[in-house]
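[1] need the 3D shape of this:
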Amino acid sequence: MNIVAGLLAVTAAGLLPQAAWAAPGDVILRIEGMGGVARDKRPLSGSDTDFSGGVLPSVGFRIGNTLQVQADAMIADHLGDTIWATAGHIGVKPSAKVSVGVYGAYAHLKSFEKLDTYRIGAEAVYHADRVSLSGIAGYEHNERATAIVGVIPGFTVVDDYGRKGNFFSMADISFYPRDSWSLTAGHRYIGGRHAAALGTEKSLSASGSGFTLFAEGRIGNAGYAAAWAGIRLRFGSNGVSLRDQDRNSGYANRLKDELFGASNTRRRGQVALPPPPPPPPPAGGCGGCGGSYCT
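    Numbering: from 1, shown residues only. Presented below is the predicted three-dimensional model:
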């Protein structure tokens, strides 16, 4: 059922161009639907599935020539668990090629415990002719939770989740071999785990239709891995190429990496079991116990 729900979400997103509207120049609206397979650091999940997918909408506003405000959201099914997240960007453009600002995000993972993640950081974007650079770095806070995994002689095996005061970063470099095609490589440091991020996006029209296909992957340590494919819509593109759409469409929606935020904090440990209580004294008072035991 989770796989079917994810595929339906992607299909529904694909039908949205029929209702596309031409957004004004100061309003930016994007939505993407994606699905694929993943694995993460959690041994406990809602069901035995490797499906990962969902829908990620974004809406942004340009106020004047310098101020940009954007809100992102995500609802996803990840390895049998539901994750929803939201994020906000506030930035300024000191030049046509540069944007700097602040970023904040919140993600909620509904699993065996409610694993919430909070982020705040600085954000920067730079657009050259055929290359774009973007990144976020800052502070993350993961709520604590503990799961009992099993028992070994003398110890209880537990998984601890949550890290307070941890650094995080997300960075990408995108290259445009053609105006309708992009290649992206980047790095993620989420929940104390590193991963490489790879992606490609292709417009179905050289002149820019606002409808593109994309594929992304994560290859990291300790179970931080995924491969997704999907569609991305930019409303009101008005025939602008993919390269120019990216230059004018605000900030990237980075919430899909929140699928790994809480699980990456898992650290397995052992808790010593308390010694058993001493046996009770024999029944029957002092009979047979000896003078050294009874007074």
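
[2] all helices for the chain, in order.
    Secondary structure of the chain by DSSP state H: the helices cover 2-15, 242-248.

[3] weakest of the ones you listed by average pLDDT?
    For the helices of the chain, the weakest mean pLDDT is recorded on helix 2-15, namely a mean of 38.

[4] may I ask you to confirm that Ala252 is in contact with Ile136?
    No: counting by Cβ atoms under 8 Å, Ala252 stays clear of Ile136, with 9.3 Å between them. C-betas here are computed from N, CA, C, even on glycine.

[5] ok, these two, which is more surrounded?
    Neighbour count, other Cβ atoms under 10 Å: between Ala252 and Ile136, Ile136 has more, with 25 against 22.

[6] what residues are up against the more buried one?
    Tyr103, Gly121, Ala122, Glu123, Phe168, Ser169, Met170, Ala171, Arg254 (Cβ atoms under 8 Å, 6 or more residues apart in numbering).

[7] could you rerun that using 7 Å?
    For Ile136, the contacting residues are Tyr103, Gly121, Glu123, Ser169, Met170, Arg254, by Cβ atoms under 7 Å, 6 or more residues apart in numbering.

[8] what does Leu109 give?
    Neighbours of Leu109 in contact, by Cβ under 7 Å, 6+ apart: Asp81, Ile83, Leu115, Ala262.

[9] repeat that for Ala215.
    By Cβ under 7 Å, 6+ apart, the residues touching Ala215 are Gly199, Thr200, Trp228, Ala229.

[10] beta partners of it?
    The residues listed as beta-bridge partners of Ala215 by DSSP bridges are Thr200, Ala229.

[11] ok, back up a step: what subset of the contacts of Ala215 is buried?
    For those, a burial check counting by 16 or more other Cβ atoms under 10 Å picks out Gly199, Trp228.

[12] which of the contacts of Ala215 sits closest to Val151?
    Trp228 (37.5 Å; Cβ to Cβ).

[13] what's the closest non-adjacent residue to the closest one?
    Residue nearest to Trp228 in three dimensions, not counting chain neighbours: Gly36, with 3.6 Å by Cβ to Cβ, 6 or more residues apart in numbering.

[14] is the one you found bridged to anything, and to what?
    Assigned bridge partners for Gly36, using DSSP bridges, are Ser52, Trp228.

[15] about what we covered before: can the contacts of Ile136 go into JSON lines with extra columns for pLDDT, distance to Asp26 and neighbour count?
    Shown next, in JSON lines, are the contacts of Ile136 (pLDDT from 0 to 100; distance: Cβ to Cβ, whole Å; neighbours: other Cβ atoms under 10 Å):
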{"residue": "Tyr103", "pLDDT": "98", "distance to Asp26": "21", "neighbour count": "22"}
{"residue": "Gly121", "pLDDT": "98", "distance to Asp26": "26", "neighbour count": "18"}
{"residue": "Glu123", "pLDDT": "98", "distance to Asp26": "20", "neighbour count": "22"}
{"residue": "Ser169", "pLDDT": "98", "distance to Asp26": "30", "neighbour count": "16"}
{"residue": "Met170", "pLDDT": "98", "distance to Asp26": "27", "neighbour count": "23"}
{"residue": "Arg254", "pLDDT": "97", "distance to Asp26": "23", "neighbour count": "25"}
